[in-house]
Structure formats: structure tokens, C-alpha cells
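Asker: Sequence isn't available, so here's the structure alone:
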Ligand code: 9WN
């Protein structure tokens, strides 16, 4: 593999760290960090995990505050909603009026939330906050924080294991593309394409995202109709998981969500050890999830991970960036690691462009690839970061360094954008985007050997 971009030099690194911290400061509300001004004006679940990991370098206090603020919105059944709404509930669609979370007896009183979840990165984030605590006072604070958060984290994992594993295969199931975090990914195309919306079943709604961002960067109206229909179906069941699992046309176990779930289950084991508890049940759960990822999601002929539709039992055919994320399993079979790295080295790296940027969320040149539309091709810093962490833990440092250099080059060129065109490096979506800043901080701060 030929290097495309230079590694950051020390002066550049310092300048980028200062700029990244300024983005997080601007998006701080006093209790949490919004993903971006305008388009995402509330607190999102997996964004908060990524942001806390960035803040753990030098601002562990705010990192802990915002994780706890998010978990105040946790439902009594353990479900952590993907959005905790702030005071202005009219500036985002779908807002609390759409979700009507109080249709569920499990929703918290007095806190407005959505009714679906997102990838459970939070135990990893909580552990990072504890790891970075330096002084004795910081260590005491971080331990007290873990003591408060651990039962909530464990309850979220129990919810995923109980309510979201209808077939008992040790994988968590998504009931909505928004739960995947990669909402508009081609990974869901076949399922969403097959979805039939009965006449009159789609509630009237108005998109607000297009007030902030070019429509060419965002999902189409047709995709939005499907998102809204699925969310309304879940809501109308009263957020009853048993009903939804029985009826939802979208019931998918994916490699990205489950690799993060397993990574966090390992982190829960470490947190249990720090608190003097027993890590063994978490370790055992993590290994069960890891085995299930390979057993259920590995496609042996194409030698890649795909999402499984639990309604029909078939694997969804589209290979996207989610196929690489099981690298987060430190014990992943070496043959599989080699296969993933082989794909990373060829399919996803555009052979014709001299200075393309890594890693596109969908193969450049694949029919349907779109260099700027939301999750259908652009580079995102969070998927880059997940791969960077996974590659480093498997000793694939050359690839990891290439991803870091590309991430730096993109931010240098376009700023802290939500996502980037892999061919031109142009920025798209929201601007002043928090996880781009936070995860760049982690990539620049984390020592080589860690
Ligand atoms: C819906 C906030 C969120 C991210 C998701 C990303 C996007 C929301 C939207 O923004 O989704 O949850 O309105 O498009 O897809 O991953 O958490 O940054």
C-alpha cells in the first residue's frame, strides 16, 4: 500500500488539538455537547460516547457530566434513547411530539426523549475517562463516577440481551435504521426497498434537516418516508419490544452495532474489576457476542461480515464500512483480520485516484456509490476511528497510520465537517461537528503503544 498523506507534524498536531477543543467548547450547552449547531441541536447517544472519549484527554469532568446527563434519560427497562431533547423541542424533526415517549410506561418522567436506541459505545467511554484521571482527586472522582454509572451501563446491556435478542443468538437486533447510527447506508437498501407502506399509514411530517444542509448531502424524501413510517409503527405499538419484534419489517443484526456492543461488554468487565466486582459474567457475554458475530454475520464465500435480516434469515448483500468493524474484537481470528485488511487494501481504496481519502463508507466505484450523500460513500471520522482502534489492536499499524493521516488531511482541507467526499476531500453535512473534533483529539493524543 502506498502512503497518500503525510503524518501530522508536532506543530500541526498542536494547532489541530486547539481547534478541535474549540469546536467542543462551542457546542457545550452546560450539561452536554450538541453534535452540531443548527442541524443537530440536542444530545445524541453515540455522539455523546465519542465526544466523552475525546474529552477524556484533558476534560474528563465534562465528559463524565455529559455521560451522566444522557443516562438520566434512560428508560426504566434499560433502553438508552438515541436522543435526549433540550428545552427547544420544535427545532428538530422528529421531536418529542412525534416520539410521544410517554406512550411507554418505561419512559422517564419530565425528560423528553426519542423511543429508539443507538450503538452502545458508552462503557468504553466511561472506562476511558477513568483511565485518563491523573491526580489523586481526579482518580477519586472517576471512581465515584464509575460507581454511579456502572449499574446504568449494565442495565442497558441487559436490555439489549433480553428485549433485543428475539432469536436467542447472542446478537442485539436493530428495529430502525436510525438505531444503526449509519441511517442511510446501502446496507439497509434491500430491506427498505422491500418495505411496503400501506396507504394512509405514513403520518404527515415536515423535514427540518433540509433547512440546514444541501439536499444532495442528505437522505432522499423516499428514504425519509421509510424512516418515519418505521418509527411511527414502533411508537404506535407503545414501544412494546415483544410486539415490535413480532411485527417489525425491519429486524436486523449488524456487524457494527454488535462489535461495539462486544467492545463495551469487555469494558464493563474492566469496570467491574476496578469497582471490586466480578468481571467474569461480562467476559463470558463478550465472548458469546464475539462468537455470534462470526457464526451469524460472517459470509464465508465472500469472506466478509454482513448484516443479517432476522425476519427472513438471509444476509443483506451490500458490503459497506460496517463489514470492517469486528476488528474491534481483540481476539478476532487472524485469518479474518487478514481478510478484512485485504478488503481495506483493495475494494475500499479507490485504485484510480492518486490522492483519495480514507475510508469511504461505501466502495468507490460500486453502483450506487455517492461521494457526498449521507453514509452512501463519504468518509466519516467515527468509522475511521473505529477502524483505527481495531487495526492498532491487531498490530496493523501501517493501515492505522494511513487512516490517521487521511483523517488529518480531511480536517485540514475542509474543517470539522460532519463528513467528507473521499475523492475531493470536500466537506459536507453539518459544520463544527463534535465527534469529528473529539475523535481527532483521541487519534492525536493516544500514544503509539496504547
Ligand atoms: C438521526 C447526530 C446523528 C448521528 C447519526 C447520524 C445523524 C440523525 C439525523 O445524526 O442521524 O438520528 O437526523 O440524521 O446518522 O449517526 O448520531 O450526529
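Answerer: Received the coordinates, thanks. Keep in mind the model is a prediction, meaning the values are calculated, not measured.
Asker: Do a quick rundown of the strands in this protein.
Answerer: For the chain, applying DSSP state E gives strands covering 43-44, 83-84, 252-253, 298-299, 304-305, 308-309, 417-420, 427-431.
Asker: Would you format these as TSV with mean neighbour count included?
Answerer: Every residue, glycine included, has its C-beta placed from N, CA and C. TSV is the format used below for the strands of the chain (neighbours: other Cβ atoms under 10 Å):
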stretch	mean neighbour count
strand 43-44	25
strand 83-84	25
strand 252-253	23
strand 298-299	16
strand 304-305	26
strand 308-309	21
strand 417-420	26
strand 427-431	22
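Asker: Now render those strands as a markdown table, adding distance to residue 223 and mean pLDDT.
Answerer: Listed next are the strands of the chain as a markdown table, based on distance: least, Cβ to Cβ, whole Å; pLDDT from 0 to 100:
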| stretch | distance to residue 223 | mean pLDDT |
| --- | --- | --- |
| strand 43-44 | 19 | 98 |
| strand 83-84 | 19 | 98 |
| strand 252-253 | 16 | 98 |
| strand 298-299 | 25 | 98 |
| strand 304-305 | 23 | 97 |
| strand 308-309 | 18 | 98 |
| strand 417-420 | 16 | 98 |
| strand 427-431 | 15 | 97 |
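Asker: Could you work out which of the ones you listed reaches nearest to residue 112?
Answerer: The closest of the strands of the chain to residue 112 is strand 83-84. By Cβ to Cβ, the value is 7.4 Å.
Asker: Which elements pack onto the closest one?
Answerer: strand 43-44 (3 or more Cβ pairs under 8 Å, 6 or more residues apart in numbering; DSSP states H and E).
Asker: who's in contact with the strand it packs on?
Answerer: 29, 32-35, 66, 69-70, 73, 82-86, 118 (Cβ atoms under 8 Å, 6 or more residues apart in numbering).
Asker: Need the nearest residue in space to residue 36, chain neighbours excluded.
Answerer: residue 430 (3.3 Å; Cβ to Cβ, 6 or more residues apart in numbering).
Asker: For this protein, what lies in contact range of the ligand?
Answerer: Contact residues, the chain versus the ligand (Cβ under 6 Å from any ligand atom): 35, 40, 44, 46-47, 82, 178, 181, 183, 209.
Asker: from those residues, which single one is nearest residue 122?
Answerer: residue 46 (8.2 Å).
Asker: surely that closest one meets residue 119?
Answerer: Yes: with contact defined as Cβ atoms under 8 Å, residue 46 and residue 119 form a contacting pair (4.9 Å).
Asker: Next up, the contacts around residue 157.
Answerer: 78, 120, 123, 261, 264-265, 268, 285.
Asker: Could you list which residues are in contact with residue 247?
Answerer: Neighbours of residue 247 in contact, by Cβ under 8 Å, 6+ apart: 233, 237.
Asker: Could you tell me how far it is located from residue 142?
Answerer: For residue 247, the distance to residue 142 (Cβ to Cβ, to the nearest Å) stands at 43 Å.
Asker: Tell me, please, where in this protein the pLDDT is lower than the cut-off.
Answerer: 1-4, 347-355 (pLDDT under 70).
Asker: how close does residue 123 get to the ligand?
Answerer: Between residue 123 and the ligand the computed distance is 18 Å (Cβ to the nearest ligand atom, to the nearest Å).
Asker: can I assume that residue is in contact with residue 272?
Answerer: No: with contact defined as Cβ under 8 Å, residue 123 does not count as touching residue 272 (10.2 Å).
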